[in-house]
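Chemist: coords please:
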Amino acid sequence: MAIKGKSKPKGGAKPVTRGPRPTYVPVHTPLMRRRSFWYTVLGVVVLASAIGIWYGLAQQREADREEALARSLRDAATEYRQQVDPIVTSIGTPVAPSGIDVFPEFATAVSSIADGEGESADLEPLARATAEAAKSAAEDLDAIKAVELVAGKGFQEHAVLYVINSKSRMVQALKLYEQAALLSETAAAATGDDATELAKRASQLVTLAQGIFGDGYQDYVEFQFLAGIFQPTVATGTP
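Modeler: Just a heads-up that it's a prediction; the model follows:
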């Protein structure tokens, strides 16, 4: 006897579509509440602070170095002036604002005789005194250890050259003054055209000496000005 099975519905049953599986959706923490963000900010702040401190210290060290160098330059210029001033003021007269007139009486007397306006005999005592003074001043200036005042101290090259050139030029000029004075003594002992000719040669030496000494003295003033200790000569008398 056959067993009847359940009959299938016509057309077949439609399968039921399953819904999406539930998944975990993480909740994003706001940026301002993230620890990693603040760690990053803290790191940046610390780094910036370290750079700022390093830069500030570097700037301070540079400022201290420059101040020490400026102070050393002032000390060197002051010491140099203390040695040079007594020498040059003993043979010349300061001229405002930054010059000096060396052996003015001798220069005038030699020029006068060279122009035929003076007596050569009157020149002898002045010439002898000038020769002695020029020689002594040249020796005193030459004895100054100018290079030791500026060498190896980190000064700018032109500062060192101001010292070296000022000393060498003033010494050279004083030696020319001495030669001019000795030649003037010879002129004072001569007569006629010989005296005039010798006086002219002496006058030419004086002119050369004046130029060289002026250059050296200007370098001397420039060094003081660079160091910040220059004090201009004040003119006296009625303008």
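Chemist: What degree of burial does residue 145 show, as a neighbour count?
Modeler: A count of nearby residues for residue 145, using other C-beta atoms under 10 Å, gives 10. For the C-beta atoms, the positions are set from N, CA and C on the backbone; glycine is no exception.
Chemist: repeat for residue 58
Modeler: When neighbours are defined as other C-beta under 10 Å, residue 58 has 10 of them.
Chemist: Quick check: which element contains it?
Modeler: In the assignment (DSSP states H and E), residue 58 maps to helix 35-89.
Chemist: Could you list the low-pLDDT ranges of this protein?
Modeler: For the chain, applying pLDDT under 70 flags the ranges 1-34, 37-38, 57, 60-64, 118, 120-121, 235-239.
Chemist: Sketch out the helices for it, chain order is fine.
Modeler: Under the criterion DSSP state H, the chain carries helices at the ranges 35-89, 104-114, 124-142, 146-150, 157-189, 192-227.
Chemist: which helices and strands does the longest one pack with?
Modeler: Right, helix 35-89. If you count contacts as 3 or more C-beta pairs under 8 Å, 6 or more residues apart in numbering; DSSP states H and E, helix 35-89 packs onto strand 99-102, helix 124-142, helix 146-150, helix 157-189, helix 192-227.
Chemist: now with 6 Å?
Modeler: In terms of contacts (3 or more C-beta pairs under 6 Å, 6 or more residues apart in numbering; DSSP states H and E), helix 35-89 is packed against helix 124-142, helix 146-150, helix 192-227.
Chemist: Also the shortest one?
Modeler: If contacts are counted by 3+ C-beta pairs under 6 Å, 6+ apart, helix 146-150 sits against helix 35-89, helix 157-189.
Chemist: what's around the nearest residue to residue 228 once chain neighbours are set aside, how many residues?
Modeler: Distances taken as C-beta to C-beta, 6 or more residues apart in numbering put residue 74 closest to residue 228, at 6.2 Å, once the chain neighbours are dropped. Around residue 74 sit 15 other residues, with neighbours defined as other C-beta under 10 Å.
Chemist: Please apply the same query to residue 141.
Modeler: Here the number of neighbours of residue 141 (other C-beta under 10 Å) works out to 21.
Chemist: List the contacts of it.
Modeler: By C-beta atoms under 6 Å, 6 or more residues apart in numbering, the contact set of residue 141 is 87, 170-171.
Chemist: now it, nearest residue through space, not along the chain?
Modeler: residue 171 (5.0 Å).
Chemist: do the same with residue 151
Modeler: residue 160 (6.9 Å).
Chemist: And for residue 169, the neighbour number?
Modeler: Residues lying near residue 169 (other C-beta under 10 Å) number 20.
Chemist: same check, this time on residue 137
Modeler: Residue crowding around residue 137 was assessed by other C-beta under 10 Å; the count is 24.
Chemist: repeat for residue 42
Modeler: For residue 42, the count of nearby residues is 10 (other C-beta under 10 Å).
Chemist: Same question for residue 226.
Modeler: 17.
Chemist: before we move on, what about residue 155?
Modeler: Residue 155 has 22 nearby residues by other C-beta under 10 Å.
Chemist: if we can go back for a sec, tell me if I'm right that the residue nearest to residue 228 and residue 226 touch.
Modeler: No - between residue 74 and residue 226 there is no contact, the gap being 9.9 Å when judged by C-beta atoms under 6 Å.
Chemist: ok so, going back, next, format the helices of the chain as CSV and append distance to residue 98.
Modeler: Output for these, formatted as CSV (distance: least, C-beta to C-beta, whole Å):
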stretch, distance to residue 98
helix 35-89, 13
helix 104-114, 17
helix 124-142, 19
helix 146-150, 19
helix 157-189, 13
helix 192-227, 5
